[in-house]
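J.: One predicted model, sequence on top.
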Amino acid sequence: MSDLTHSSIVLSADSPPLDRTEKAARLSNRAAFICLLAATIYTPLTYGGFVPEGAFGLRMSCIVGLTALLTSAVLRGVAIRMSLGALLLLAFLLLAGISAAFSPYQYGSWRTMADLSTYASGFVLALGTLRTASRRRGWQLVLFATAALLGLYGVLQWLGYDFTARQMASRIPSFFFNSNHYGGYLALVLPAVFWAALRSKGPSSILLYALTLVLLFNLAFSFSWAIVPTAIACLLLIVFRTAKRPLLSVMALVGITLGLSGLGVAALRVLPQLQGGTAQARISNLVETWMTRSVESRVLIWRGAARLALDAPALGVGPGNFVYTFPLHRSPVHNSFATAITHAYVGYAHSDYLQIASELGLIALALFIAFWSAVLIAGRRRAETLGLRVALLATLCYAFFDNPLTLVPASAFLAFCFAGLIRAERTSS
């Protein structure tokens, strides 16, 4: 695979020295890459209490990065050619802006519009800066190192240690800082790490497998809806990797299943008591609650969100307006719910697709689905990006049950980065 791209020019020994314009263009592109790295580190850390929670740092990183990337393109005189996926994403954002312009609650709508644009900028930054193999390896290293930090911190919290000032959430599944929403981040990173481990050899494979187990531990005890699609994604990666050796594939699946079962039993038996009782007691309480009120309340929320979408099918009720308009379709049953896990307070649709359909309209939903479909199916299915594609597929399945792509910066921004990286790897091959 050649690394000769628009943003990386290989010079021979006889090449003339770079002029000032080209030097400035390279410097600008390098600055955009640094901003992408900063955003990749910052977004998941906002959920760990290490940095102030909020989107300000992410927005600033993206604004500076996009400015630097545009400057680099202008200095080089590069003609911007938009792929089908990029056009679909642009159309989606334009339609969201139109919906915000007609929204009765302007402040919330434009703030949500800013969030969506920030997440989508991950696609542009990754596409414009990750066109060389060395850049992609560097970004992957930063991504995995950040995931390792968060994963180890989650294990320490399980053991009873918490080094941040932030109070742990009161929701039942919140063993870690992540609550359920950390599941979206793990649904993306875990398959990517696991695929890298399957394709690696030597000491690096040992480190990657260890990181896979740490992240899997975090995901298992977050009790997120992301558990099932992420587990299936990892099993699919095993099948893909060992497709030419069926016996090895079966042995690997059986071994991993037995190993994880043993790890779960050992964790419940050995680990110390947690806040509010033993792990067994909390899990029992969670399962009992989840099997009754949580699923029931989600179904009620989805029905109300669907009615909102049908009330305003063209432009929706406006970005960020779900929380204001949902009470019109709120079921009386919700009034009997006493805890957050049963969604007594409904601030979002608990489904990315219904969130978009109700707030932005059915046309925007079609564009949103078309964009991700284009990302997954466009181009050749290269081994380098198979882990990313499967990770995105797991997250898109998880998005039926929660909002990892429209609500949580840690997963939303990273998902668009994955999409941009898939496109960048394709165009640089």
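T.: Yes, it's here.
J.: Which other helices and strands does the helix or strand containing Leu70 contact?
T.: Element membership for Leu70, per DSSP states H and E: helix 56-76. Judged by 3 or more CB pairs under 8 Å, 6 or more residues apart in numbering; DSSP states H and E, the packing partners of helix 56-76 are helix 20-45, helix 106-129. To be clear about C-beta, it is placed using only N, CA and C from the backbone, and glycine gets the same treatment.
J.: Same question for it: list its buried residues.
T.: 57-59, 61-62, 64-66, 68-69, 71-73, 75-76 (16 or more other CB atoms under 10 Å).
J.: follow-up on the earlier one: any idea which of the helices and strands packed on helix 56-76 is most buried?
T.: Ranked by mean neighbour count under mean count of other CB atoms under 10 Å, these are led by helix 106-129, which reaches a mean of 21.
J.: ok now that one, how far from the chain's centre?
T.: 14 Å (CA atoms, centre = their mean, to the nearest Å).
J.: can you give me the angle the very next helix or strand once past that helix makes with helix 20-45?
T.: Later in the chain than helix 106-129, the nearest helix or strand by DSSP H and E is helix 133-158. For helix 133-158 against helix 20-45, the angle by axes from the mean of the first three to the mean of the last three CA atoms, to 10 degrees is 20 degrees.
J.: quick one, helix 133-158 and helix 106-129 angle?
T.: Going by the same axes, to 10 degrees, helix 133-158 makes 130 degrees with helix 106-129.
J.: Check which helices and strands the helix or strand following helix 133-158 sits against.
T.: Scanning forward in sequence from helix 133-158 by DSSP H and E, the next helix or strand is helix 182-199. Under the contact criterion of 3+ CB pairs under 8 Å, 6+ apart, helix 182-199 touches helix 133-158, helix 203-220, helix 227-241, helix 383-398, helix 409-428.
J.: In a markdown table: those, plus mean neighbour count, mean pLDDT and distance to Ala86.
T.: Below are the helices and strands packed on helix 182-199 laid out as a markdown table (neighbours: other CB atoms under 10 Å; pLDDT from 0 to 100; distance: least, CB to CB, whole Å):
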| stretch | mean neighbour count | mean pLDDT | distance to Ala86 |
| --- | --- | --- | --- |
| helix 133-158 | 18 | 88 | 19 |
| helix 203-220 | 18 | 89 | 30 |
| helix 227-241 | 19 | 85 | 25 |
| helix 383-398 | 22 | 90 | 16 |
| helix 409-428 | 25 | 88 | 8 |
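J.: and of the ones you listed, who's closest to Ile34?
T.: helix 133-158 (10.3 Å; CB to CB).
J.: how far off helix 383-398 does that closest one point, in degrees?
T.: If you take the same axes, to 10 degrees, helix 133-158 sits at 40 degrees to helix 383-398.
J.: Helix 133-158 vs helix 409-428, what angle?
T.: 160 degrees.
J.: now the angle from helix 133-158 to helix 203-220?
T.: 50 degrees.
J.: Which strands or helices does helix 133-158 pack on?
T.: helix 20-45, helix 182-199, helix 203-220, helix 409-428.
J.: Pipe those helices into CSV and attach distance to Val323 per row.
T.: CSV is the format used below for these (distance: least, CB to CB, whole Å):
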stretch, distance to Val323
helix 20-45, 22
helix 182-199, 20
helix 203-220, 28
helix 409-428, 18
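J.: closest one to Ser103 among those helices?
T.: helix 409-428 (20.5 Å).
J.: can I have the closest one written out in PDB, keeping just the CAs?
T.: Output of helix 409-428 as PDB, limited to C-alpha atoms (Å, rounded to 0.1, in the frame of the first residue of the first chain):
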ATOM      1  CA  PRO A 409     -19.500  12.900  23.000                       C
ATOM      2  CA  ALA A 410     -17.200  10.100  23.900                       C
ATOM      3  CA  SER A 411     -18.900   7.700  21.500                       C
ATOM      4  CA  ALA A 412     -20.400  10.100  19.000                       C
ATOM      5  CA  PHE A 413     -17.200  11.900  18.100                       C
ATOM      6  CA  LEU A 414     -15.200   8.700  18.000                       C
ATOM      7  CA  ALA A 415     -17.800   7.000  15.700                       C
ATOM      8  CA  PHE A 416     -17.400   9.800  13.100                       C
ATOM      9  CA  CYS A 417     -13.600   9.500  13.400                       C
ATOM     10  CA  PHE A 418     -13.900   5.800  12.600                       C
ATOM     11  CA  ALA A 419     -16.000   6.700   9.600                       C
ATOM     12  CA  GLY A 420     -13.400   9.200   8.400                       C
ATOM     13  CA  LEU A 421     -10.600   6.800   9.000                       C
ATOM     14  CA  ILE A 422     -12.300   4.100   6.900                       C
ATOM     15  CA  ARG A 423     -12.600   6.600   4.100                       C
ATOM     16  CA  ALA A 424      -9.100   7.900   4.500                       C
ATOM     17  CA  GLU A 425      -7.600   4.400   4.400                       C
ATOM     18  CA  ARG A 426      -9.600   3.700   1.200                       C
ATOM     19  CA  THR A 427      -8.500   6.800  -0.600                       C
ATOM     20  CA  SER A 428      -4.800   6.400   0.400                       C
END
